[in-house]
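1. Sequence and predicted structure below; questions after.
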Amino acid sequence: MKQKILIALSILLVLSFFITACQPAATPAPQEPTTEEPAAEEPAVEQPAGFDWKRFEGKEITLLLNEHPWTDG
């Protein structure tokens, strides 16, 4: 009897995962346009002394990923 309950619960769990995975991605609700004035621009962030942003310019980064639909994004 316990084995039948365990099997039934396992099947329900797998089905719930499958149904959840097959649902389309949620899209955010459209926002209503606001008539408020835009906020003042924030001051620029100070750059750290001696930091060179172009230190690795011209270098190549290789990223190795498995084939999966998530990696296509």
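-> Received it, and whenever you're ready, just let me know what you need.
2. Show me where this protein dips below the pLDDT cut-off.
-> 26, 34-40, 42-43, 71-73 (pLDDT under 70).
3. give me that answer again for 80
-> 22-48, 64-73 (pLDDT under 80).
4. ok, which stretches of it are strands?
-> In the chain, no strands are found when defined by DSSP state E.
5. show me the biggest helix of it in terms of residues.
-> Of all segments of type helix in the chain, defined using DSSP state H, the longest is helix 2-21.
6. Just give me how far that one sits from the chain centre.
-> 27 Å (C-alpha atoms, centre = their mean, to the nearest Å).
7. Can you tell me what sits against it?
-> For helix 2-21, there are no surrounding residues in contact (C-beta atoms under 8 Å, 6 or more residues apart in numbering). In this view, the C-beta of every residue, glycine as well, is placed from N, C-alpha and C.
8. CA atoms only: put it into PDB for me.
-> Presented in PDB, the C-alpha positions along helix 2-21 are these (Å, rounded to 0.1, in the frame of the first residue of the first chain):
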ATOM      1  CA  LYS A   2       2.800   2.400   0.900                       C
ATOM      2  CA  GLN A   3       4.600   1.700  -2.400                       C
ATOM      3  CA  LYS A   4       1.400   2.600  -4.400                       C
ATOM      4  CA  ILE A   5       1.100   5.900  -2.500                       C
ATOM      5  CA  LEU A   6       4.800   6.600  -3.100                       C
ATOM      6  CA  ILE A   7       4.500   5.900  -6.800                       C
ATOM      7  CA  ALA A   8       1.400   8.000  -7.100                       C
ATOM      8  CA  LEU A   9       3.000  11.000  -5.300                       C
ATOM      9  CA  SER A  10       6.100  10.600  -7.500                       C
ATOM     10  CA  ILE A  11       4.000  10.700 -10.700                       C
ATOM     11  CA  LEU A  12       2.200  13.800  -9.400                       C
ATOM     12  CA  LEU A  13       5.500  15.500  -8.600                       C
ATOM     13  CA  VAL A  14       6.900  14.800 -12.100                       C
ATOM     14  CA  LEU A  15       3.700  15.900 -13.800                       C
ATOM     15  CA  SER A  16       3.700  19.200 -11.700                       C
ATOM     16  CA  PHE A  17       7.300  19.900 -12.800                       C
ATOM     17  CA  PHE A  18       6.400  19.200 -16.400                       C
ATOM     18  CA  ILE A  19       3.400  21.400 -16.400                       C
ATOM     19  CA  THR A  20       5.300  24.200 -14.700                       C
ATOM     20  CA  ALA A  21       8.200  24.000 -17.200                       C
END
